[in-house]
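A.B. asks: coords please:
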Amino acid sequence: MNTVLMLDNDVGYLFAIGQELAAIGVDVIPATTAAEAESLLRELGIAVELLLANPQHPDAEILRRHLLKDNPDLQVVALQRRSRFLHGW
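C.D. replies: Residues are numbered from 1 along each chain as shown. Predicted coordinates:
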């Protein structure tokens, strides 16, 4: 795994997790909206192997479906700060 796309509305959380992943050699693309994420991917011209997303984020499902449509082998991990049932993930 080389490139991870992270989606969360908490910039501090994105930064903290991104720093930890970068420390082990993972390239991280942080985004706070699906539009921002898609724009960054187009601008950088790269594909991601893993989506780390807050399932409570309003854009999470839209982004997940769009990315899976383009890459059915995409790995998806829900970033959950509280223990809840993750319906559909």
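A.B. asks: Next, the buried residues of the host helix or strand of A22.
C.D. replies: In this assignment (DSSP states H and E), A22 forms part of helix 11-23. Neighbour-count burial for helix 11-23, counted by 16 or more other CB atoms under 10 Å, picks out L14, I17, G18, L21. From N, CA and C alone the C-beta is placed, and that goes for glycine too.
A.B. asks: Show me the helices in the protein, by range?
C.D. replies: According to DSSP state H, the chain carries its helices in the segments 11-23, 34-44, 60-70.
A.B. asks: Mind giving me the packing neighbours of the longest one?
C.D. replies: When you say that, I think you mean helix 11-23. Helix 11-23 sits against strand 3-7, strand 27-31, with contacts defined as 3 or more CB pairs under 8 Å, 6 or more residues apart in numbering; DSSP states H and E.
A.B. asks: what would those look like in TSV with distance to R65, mean pLDDT and mean neighbour count?
C.D. replies: TSV is the format used below for these (distance: least, CB to CB, whole Å; pLDDT from 0 to 100; neighbours: other CB atoms under 10 Å):
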stretch	distance to R65	mean pLDDT	mean neighbour count
strand 3-7	13	95	22
strand 27-31	16	95	19
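A.B. asks: out of those, nearest to P58?
C.D. replies: Of all the helices and strands packed on helix 11-23, strand 3-7 sits nearest to P58, with 10.2 Å by CB to CB.
A.B. asks: Could you spell out the sheet neighbours of that closest one, each with its direction?
C.D. replies: Applying DSSP bridges, strand 3-7 is found paired with strand 27-31 (parallel), strand 50-53 (parallel).
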